[in-house]
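Asks: Sharing a sequence plus its predicted fold:
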Protein chains: 2
Amino acid sequence: MENDKLHAMRHTAAHVLAAAAQRLYPGIKLGVGPVVENGFFYDILFAAPITEEDLEKLEVEMRKIVAEGHDMVREEISIDEAIKKFEEMGQDFKVELLRDLKEKGTTKVNPEEAQDIDVAHPDVASLYQTGEFVDLCRGPHVGNVKDVGAFKLWKLAGAYWRGKEENPQMQRIYGLAFETQQELDQYLTMLEEAKKRDHRKLGKELELFTIIDDIGSGLPLFYPKGAILRRMVESFISNLQEPRGYTPIWIPHITKGTLYERSGHLQKYDAMYPPMHLEGEADYYLKPMNCPHFMMLYASMPHSYREMPMRWVCTTTNYRYEKSGELSGLTRVRSLTQDDCHVFARPDQIEGEINLMLDMIELTYKAFGFNDFWVRISVSDPENPDKYIGDKQVWIDSEVSLKSLIETRGWTHEVGVGEAAFYGPKLDFMFKDAIGREWQLSTIQLDMNLPERFELEYVDSDGSKKRPVVIHRAILGSTERFLGILIEHYAGAFPFWIAPVQLRLATVSDEFVPFAKLAQEKLAQADIRVDLDDSNEKVGKKIRNSATHKIPWTIVIGQKEVDGGDFKVNVFGQEEDLVIPATELVDRAKQASQFPQ
Amino acid sequence: MENDKLHAMRHTAAHVLAAAAQRLYPGIKLGVGPVVENGFFYDILFAAPITEEDLEKLEVEMRKIVAEGHDMVREEISIDEAIKKFEEMGQDFKVELLRDLKEKGTTKVNPEEAQDIDVAHPDVASLYQTGEFVDLCRGPHVGNVKDVGAFKLWKLAGAYWRGKEENPQMQRIYGLAFETQQELDQYLTMLEEAKKRDHRKLGKELELFTIIDDIGSGLPLFYPKGAILRRMVESFISNLQEPRGYTPIWIPHITKGTLYERSGHLQKYDAMYPPMHLEGEADYYLKPMNCPHFMMLYASMPHSYREMPMRWVCTTTNYRYEKSGELSGLTRVRSLTQDDCHVFARPDQIEGEINLMLDMIELTYKAFGFNDFWVRISVSDPENPDKYIGDKQVWIDSEVSLKSLIETRGWTHEVGVGEAAFYGPKLDFMFKDAIGREWQLSTIQLDMNLPERFELEYVDSDGSKKRPVVIHRAILGSTERFLGILIEHYAGAFPFWIAPVQLRLATVSDEFVPFAKLAQEKLAQADIRVDLDDSNEKVGKKIRNSATHKIPWTIVIGQKEVDGGDFKVNVFGQEEDLVIPATELVDRAKQASQFPQ
């Protein structure tokens, strides 16, 4: 979904930024300046660090350069010449990249990086000239800086040269860039809105969760209201799953290291917490994922083809030691509670199982109001059949199934050829929230590796032993991240069915407290999450307080209500009151509490 | 509740055992031989280890000694004389004890031991003579071995001298001993029954849980049926708690060590898993209990007297590194999921809060059929007022409350003077299961220490800051242990409301499968846990299979049922069928599913 023109504009904007910086801060050393989502950045080493305030000056200078109307002039020279040229300019980082390119044929620090740092061709180095400024760059760019589009410098961050802590720390200047000013403005409005909705801010204001230094970063604790939210989303999922034949299991949060040796995680997975070393017994690990535990439980008893598919689920917390710089509120945590599911299936059951999962994913996101989504289908690379393990026919059949299931539903999708893991094809679901941000949430992943490693078997109808296929699936991803997204999606104004406090009763004065308490009790007995404001504040203040806490329904209790009059429900975010006859209040509240289907 | 006469009989039996062992295995070295629950043991170092088969020989010899009718002759000599005497006999262990007694005035290995090893007075050593056998012993004994009562040697175990691994390993011979043969027989019957009910055996047969070497001892994993049991007992508790104003919170399973430094656990608590050491960041620990997390969450926001009491609950798993020798199925585990609750209360609310807890404990155990219980009230020692922290008046008031609350309910109880922890008085509940074994389950503990350590506060009505009292409470203790006990209590035949599979439909032949499937669907929609046996077995076999799995209701589906006849329900453990009109089946099953109140 990349737009070549926009990419060139953003890349040009990065050069303009570097040119502006060089004018204002001669002697700076430039790192790399790639295009990123919504814009670009440039890593620069300043003699003295700049501050957020300096971004404005830089932006003014950028606009000056754009107004000057320079062409973006491309030149190709040999790598050796380029090295000489950048040495003369004192651009050590560029020289380092060129040397790497010359010696290793790549600028990648490690082979897993997605692509070369965007600087050069393998043999010749291409340069781009913007007025007096010259930069090493693969291109392409727009023809003239005037066509750079709309941009804005946005924020400043620290970044180690090539992402390594032992290297110098540079400053990363982020810019937003879009084709038109209108699009940029829209994006800025969205950012503004996102700031207001920041779940870390709302989490505090609405008393949902907290993070405590002495306990640890990335390890949120949930207050009662946040714990209710957790339960609501988790119950929503179990209410979908269980009538469809998914059965919970239970596994401990730790294991001996031998389990991860067998699964291969110990060698490959780098976000594990270090071991708890027990002299003379074993190293125990906190689990970072559940698959190996599921596999062992399956393997601990014999299975027949008649039992398949076995749909096992467990909502359980995993621990991953993410770098502290990457942590953020609930959306990047170290404790993540997954609505994890592993289906053990016969090959002929894969299509049906995936279809069942698609139903549930659709129902879930519709219920939470995420109506805009698309699917990425990651399939194998037909040019490299040897990269993949497992039965070839299972690969072919399941990839055909995945595609046709998504097409039949008419869902927007993209097929990533060669993007399947070596052990199976995959579906990823990207959802847009209320302010247009995209989040990768649900995943369905076929796995032909773990059944092999754990020697999983079932006895087929002919008495022979067969290997099942495992399908991993998460609908929410993790409770924590989903809640972080949900808080921002709803801007903290949760719909009635999920709200921690659904209904607030507010008394006009003390004489109405006994009546209000009776009403509260009735509602509570019907499982409505109700509270009572019987303080001495004025009614107007009480209603505003309720709105501050974004409580869906507020009902003022005064003489009229005591006399049996209709209840006037002040609905959060709605101008007009909802009028409910006294005898119907409990039923209407119960109706509104139903999980959406 | 100690019975002096029985104690003397059991103690005498231990001497008789030692005397018999010395006759059969001259040269053995004797350790200690105290009275324990239901009998006694003696630790002995044999030249070559004996086996279970040898116990019979020993028992025959014991009966011979009893028949000889020796008096139990007491003699008192000085400690030095005693040392000399036992040196001459080559009884090194006895000599070691006497030396300790002489030098330290005690035979305790560490000061926390409940009492001196039962051998001697501080100044003089008392000896007991049984025929040719003489032993160091405080007494008392019965006058003549003939009055020793009914006994039986029972089992053999290993035991290090004085419980220390670096000491020689001895053999511990356990004996059962009661006043009468009838009591002994009853106890043996109970043991036999307990063996049949062993939850480790039933856990496997009924596919409830498993323990897997590669994951770790004491870390059970639960199959779907076991996971349902977990949920049922945990839901039972939340269904009691939540209408009573208890609100769930959520906490992570790990924390930085700083938290346990503050709480004092790091210094004092020895069952913690070792730290996960993160260079340059912190040592993280798996939580062995939840209190410090609760305290931190409370302390993370200001509180007013109006909010109190705050009743916070969390069902969460703790990890304790129990010695592997002490682990047993679900009853002694390393992963224990607590139905943990901390109430933060004003001092004037303590009585009301405890009373609420007593209600719930009573309801819970009644529901699970534990009708026989008693309460231990642990209060402070009036002679040592300085041992205790916290407000004196709070101590006095709460101890009075505890006693009067239990007395008012007419519950059997015992007051343990001086048995309170330094931070608060406590209630422990001992329940008898279906075969008469006693289990300590619920606990209520006042705590004036943690609020102090964590500087917990609330703003009182006069604006001043006050310290709340914390009340810890667990009803089940831990889900795992409670389930272990429950499986044995019910012998795996769970009542309908808690059974993993409540109802089985068994078809007479294939032609009735469609009808059975419809019935199954209807029942499942009403949340009845139903399965279907549509295999080709004979009906009789199907009914027996269902009984093997101890499924509460089994319904055979044949022509009569298809024609609309009544359902004949084969009820597990009942002779007579339950007859239910076809139209009422779902409702009756739903009724039977209700949690008992």
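Replies: Everything's here; your move. Numbers count the residues shown, from 1 in each chain, chains lettered A, B, ... in the order given.
Asks: From here on, just use CA atoms for contacts and neighbour counts.
Replies: Fine.
Asks: in the top helix by length along chain A, what's buried?
Replies: Across chain A, the longest stretch assigned as helix under DSSP state H is helix A:4-24. By neighbour count on 16 or more other Cα atoms under 10 Å in any protein chain shown, the buried set for helix A:4-24 is A:6-23.
Asks: What of stretch A:584-597?
Replies: Buried, per 16+ other Cα under 10 Å, within stretch A:584-597: A:Leu585, A:Val586, A:Ala589, A:Lys590, A:Ala592, A:Ser593, A:Phe595.
Asks: what's the helix or strand for A:Ala67?
Replies: A:Ala67 is part of helix A:54-68 when elements are defined by DSSP states H and E.
Asks: Likewise for A:Arg473?
Replies: Per DSSP H and E: strand A:469-474 holds A:Arg473.
Asks: can I have that strand written out in CSV, keeping just the CAs?
Replies: What follows is strand A:469-474, C-alpha atoms only, in CSV (Å, rounded to 0.1, in the frame of the first residue of the first chain):
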residue,chain,number,x,y,z
VAL,A,469,-1.8,-29.4,12.8
VAL,A,470,-1.8,-26.7,15.4
ILE,A,471,-3.6,-23.4,14.9
HIS,A,472,-2.6,-20.5,17.1
ARG,A,473,-5.1,-17.8,17.5
ALA,A,474,-5.6,-14.6,19.5
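Asks: List the strands paired with that strand, with their directions.
Replies: strand A:335-345 (antiparallel), strand A:438-447 (antiparallel) (DSSP bridges).
Asks: Could you dump those into JSON lines and include mean pLDDT and mean neighbour count?
Replies: Formatted as JSON lines, the strands paired with strand A:469-474 follow (pLDDT from 0 to 100; neighbours: other Cα atoms under 10 Å in any protein chain shown):
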{"stretch": "strand A:335-345", "mean pLDDT": "96", "mean neighbour count": "24"}
{"stretch": "strand A:438-447", "mean pLDDT": "94", "mean neighbour count": "20"}
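Asks: State the helix or strand in which the residue of the stretch 51-200 of chain A found nearest chain B lies.
Replies: For the stretch 51-200 of chain A and chain B, the shortest gap (Cα to the nearest Cα) falls at A:Glu165, measuring 13.4 Å. Following DSSP H and E, one finds A:Glu165 outside all helices and strands.
Asks: Please apply the same query to A:Met190.
Replies: Counting by DSSP H and E, the element that carries A:Met190 is helix A:181-196.
Asks: Next, the residues that contact that helix from outside, please.
Replies: Outside helix A:181-196, the residues that touch it by Cα atoms under 8 Å, 6 or more residues apart in numbering or on different chains are A:Gly149, A:Ala150, A:Phe151, A:Leu176, A:Ala177, A:Phe178, A:Ile435, A:Gly436, A:Glu488, A:Ala491.
Asks: From those, which land in strands?
Replies: Counting by DSSP state E, the contacts of helix A:181-196 place A:Ala150, A:Phe151, A:Leu176, A:Ala177, A:Phe178 in strands.
Asks: hang on, A:Lys225 is in a helix, isn't it?
Replies: Yes: checked against DSSP: H, G, I helix; E, B strand; the rest coil, A:Lys225 lies within a helix.
Asks: where's it relative to A:Ile444, distance?
Replies: From A:Lys225 over to A:Ile444 the distance is 31 Å, taken as Cα to Cα, to the nearest Å.
Asks: tell me which strands and helices the next helix-or-strand element following the longest helix of chain A is in contact with?
Replies: Following helix A:4-24 in sequence order, the next helix or strand is strand A:29-30 (DSSP H and E). Strand A:29-30 makes packing contacts with strand A:39-45, helix A:92-104 when contacts are defined by 3 or more Cα pairs under 8 Å, 6 or more residues apart in numbering or on different chains; DSSP states H and E.
Asks: Now do the last one: everything it contacts.
Replies: I take that to be helix A:92-104. The contact list for helix A:92-104 (Cα under 8 Å, 6+ apart) reads A:29-31, A:79, A:82-83, A:86-87, A:106-107, A:122-123, A:136.
Asks: Any chance of a PyMOL selection covering the buried ones in those?
Replies: Per 16+ other Cα under 10 Å, the buried members of the contacts of helix A:92-104 correspond to this PyMOL selection:
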select buried, chain A and resi 29+30+31+79+82+83+86+106+107+136
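Asks: Just the ones in strands from the contacts of helix A:92-104, please.
Replies: Going by DSSP E, the strands hold A:Lys29, A:Leu30, A:Leu136 from those.
Asks: any chance of those in JSON lines, plus distance to B:Asp54?
Replies: JSON lines is the format used below for the ones in strands among the contacts of helix A:92-104 (distance: Cα to Cα, whole Å):
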{"residue": "A:Lys29", "distance to B:Asp54": "87"}
{"residue": "A:Leu30", "distance to B:Asp54": "86"}
{"residue": "A:Leu136", "distance to B:Asp54": "89"}
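Asks: mind putting these in CSV, pLDDT and distance to B:Val333 included?
Replies: Output for those, formatted as CSV (pLDDT from 0 to 100; distance: Cα to Cα, whole Å):
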residue, pLDDT, distance to B:Val333
A:Lys29, 96, 60
A:Leu30, 95, 58
A:Leu136, 87, 63
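Asks: can you give me the end-to-end distance of stretch A:388-395?
Replies: End to end - Cα to Cα - stretch A:388-395 spans 9 Å.
Asks: same check, this time on stretch A:589-597
Replies: 17 Å.
Asks: Chain B contacts on the stretch 301-450 of chain A?
Replies: Within reach of chain B by Cα under 8 Å from any Cα of the partner chain, the stretch 301-450 of chain A has these residues: A:Trp312, A:Ser335.
Asks: how far away is A:Ala142 from A:Glu179?
Replies: Careful, residue A:142 is Val; it's not Ala. From A:Val142 over to A:Glu179 (counting by Cα to Cα), the distance is 12 Å.
Asks: of all the strands paired with strand A:469-474, which lies closest to B:Asp372?
Replies: Among the strands paired with strand A:469-474, the nearest to B:Asp372 by Cα to Cα is strand A:335-345 (39.8 Å).
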